[in-house]
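Visitor: just to be clear, the model below is a prediction. Sequence and coordinates:
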Amino acid sequence: MIVEDVLAGSFDHGYVTASDSTTITDTKHDWPVNFLSTNGATLIVYTANGMILVRAVASNTANTITVSGWPTTLGVPSKGNRFKLV
C-alpha cells in the first residue's frame, strides 16, 4: 500500500507509540483536549498484519486517543502501526 493512498482524505496521521485496550498514544502530537471527539473524528489504524481497525474517537488528550475498545479477535494496535484521523 502506498503511503499517499493511506493518507488520502485524512486531516491528521501518525504512528502509534503506545496502546492498550482502549487507547493509542502518539507522543509527537499535541491535540487540544477533546478536539478530536468534539469534531466527530474517526480513527483508522493500519496494523502490521494488514488489518484495518476503525473506531470513533470517544475522547482525547494532547497525545492520546481513547476509543470504546478494539475488536477482541483483532487485538490492540502495536507500536509503530500507522494511523489516520478522518
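Guide: Received the coordinates, thanks.

Visitor: and the gap between Tyr46 and Gly69?
Guide: 18 Å (C-beta to C-beta, to the nearest Å). To be clear about C-beta, it is placed using only N, CA and C from the backbone, and glycine gets the same treatment.

Visitor: more neighbours: which of these two?
Guide: Remark: of Tyr46 and Gly69, Tyr46 carries more neighbours, 18 against 12, as counted by other C-beta atoms under 10 Å.

Visitor: and the more buried one, what are its phi and psi?
Guide: phi -100, psi 110 (degrees, to the nearest 10).

Visitor: before we move on, what about Thr42?
Guide: phi -110, psi 130.

Visitor: stretch 29-44: which residues count as buried?
Guide: His29, Trp31, Leu36, Ser37, Ala41, Leu43, Ile44 (16 or more other C-beta atoms under 10 Å).

Visitor: I misspoke; the intended subject was stretch 13-22.
Guide: Quick answer for stretch 13-22 (16+ other C-beta under 10 Å): His13, Gly14, Val16, Thr17, Ser19, Thr22.

Visitor: now do stretch 49-57
Guide: Quick answer for stretch 49-57 (16+ other C-beta under 10 Å): Leu53, Arg55, Val57.

Visitor: so what's the first one closest to, chain neighbours aside?
Guide: Using C-beta to C-beta, 6 or more residues apart in numbering and skipping the chain neighbours, the partner closest in space to Leu53 is Val45 (4.3 Å).

Visitor: do the second one as well
Guide: Among residues not flanking Arg55 along the chain, Val67 sits closest, at 3.8 Å (C-beta to C-beta, 6+ apart).

Visitor: neighbours of the one you found, how many?
Guide: 22.

Visitor: again, but for the one 10 residues further on
Guide: Applying other C-beta under 10 Å, we find 26 other residues in the vicinity of Pro77.
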